[in-house]
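In: give me a 3D structure for the following:
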Amino acid sequence: MLSDRFLAALNAQIGHEFAASQQYVAIAVHYDNETLPRLATHFYAQAVEERNHAMMMVQYLMDAGLDAVVPGCAAPSTTFRDVVAPVQLALDQERTVTDQISALVGLAREDGDFASEQFLQWFLKEQVEEVASMSDLLAVVGRARENPLLAEEYLSRESPGEEGEDPTAPRAAGGAL
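Out: Numbering: from 1, shown residues only. Alright, predicted model coming up:
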């Protein structure tokens, strides 16, 4: 059984995941408006991924017979000073999410809630990958600040297509889109 404090924290995390998704949509739109289609596509895909993370958490709560809360979120940042700022924001966001997931794992562990701790292990692994990937992208975009088409070239070379679904990922409510 999930403790009340873990339930509240996981419901809050659902909101954080939806907020991250919205921020990635805003970043994608920004890059689309700057005619940087590879950066836009990358962040549109990130938005879907974050949305699916929220839906995995919703499914986990529904499977446990508990109410999942789908909270609203603050409006995302939509204006950026240069081509680098959106990626820096994304990296900062991924680091924050890593801290949030780690805190959730800590709560589950304190509560002796081994099922929730196990559920969250996938998210910890995912966050390591996300922070590394966004760190790499920030380095590339930083070097390409004066010529963002070089970042576009990097993404076309390093992100050739869909990797496919992770078979170890938790099931998302409504199925992955």
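
In: C-alpha only now, for contacts and for neighbours.
Out: OK.

In: is it true that residue 130 touches residue 93?
Out: No - contact between residue 130 and residue 93 fails when scored by Cα atoms under 8 Å: they sit 10.2 Å apart.

In: and the most centrally placed residue in the chain, backbone torsions?
Out: Nearest to the mean C-alpha position of the chain, by Cα atoms, centre = their mean, lies residue 50 at 3.8 Å. Per-residue torsions, residue 50: phi -70, psi -40 (degrees, to the nearest 10).

In: in contact with it, which residues?
Out: By Cα atoms under 8 Å, 6 or more residues apart in numbering, the residues touching residue 50 are 17, 18, 20, 21.

In: what do you get if the cut-off is 10 Å, keeping everything else the same?
Out: By Cα atoms under 10 Å, 6 or more residues apart in numbering, residue 50 lies in contact with 14, 16, 17, 18, 19, 20, 21, 22, 23, 24, 56.

In: now the first one. Nearest residue, chain neighbours left out?
Out: If the residues on either side of it in the chain are set aside, residue 14 comes closest to residue 54, at 4.8 Å by Cα to Cα, 6 or more residues apart in numbering.

In: test my guess that residue 31 contacts residue 149.
Out: No - contact criterion Cα atoms under 10 Å: residue 31 and residue 149 do not qualify, at 11.5 Å.

In: please identify every residue contacting each of the two.
Out: Shared contacts of residue 31 and residue 149, defined by Cα under 10 Å, 6+ apart, are found at 37, 38, 39.

In: wait, the second one sits on residue 156?
Out: Yes - with contact taken as Cα under 10 Å, residue 38 and residue 156 are classed as touching, separated by 6.8 Å.

In: neighbour count for those two, which is higher?
Out: Neighbour count, other Cα atoms under 10 Å: between residue 38 and residue 156, residue 38 has more, with 20 against 15.

In: can you tell me how far the more buried one is from residue 115?
Out: Applying Cα to Cα, to the nearest Å, the value for residue 38 to residue 115 is 39 Å.

In: now swap in residue 48 and tell me
Out: According to Cα to Cα, residue 48 and residue 115 sit 26 Å apart.

In: again, but for residue 175
Out: Going from residue 175 to residue 115 by Cα to Cα gives 21 Å.

In: also residue 7?
Out: Counting by Cα to Cα, the gap from residue 7 to residue 115 is 13 Å.
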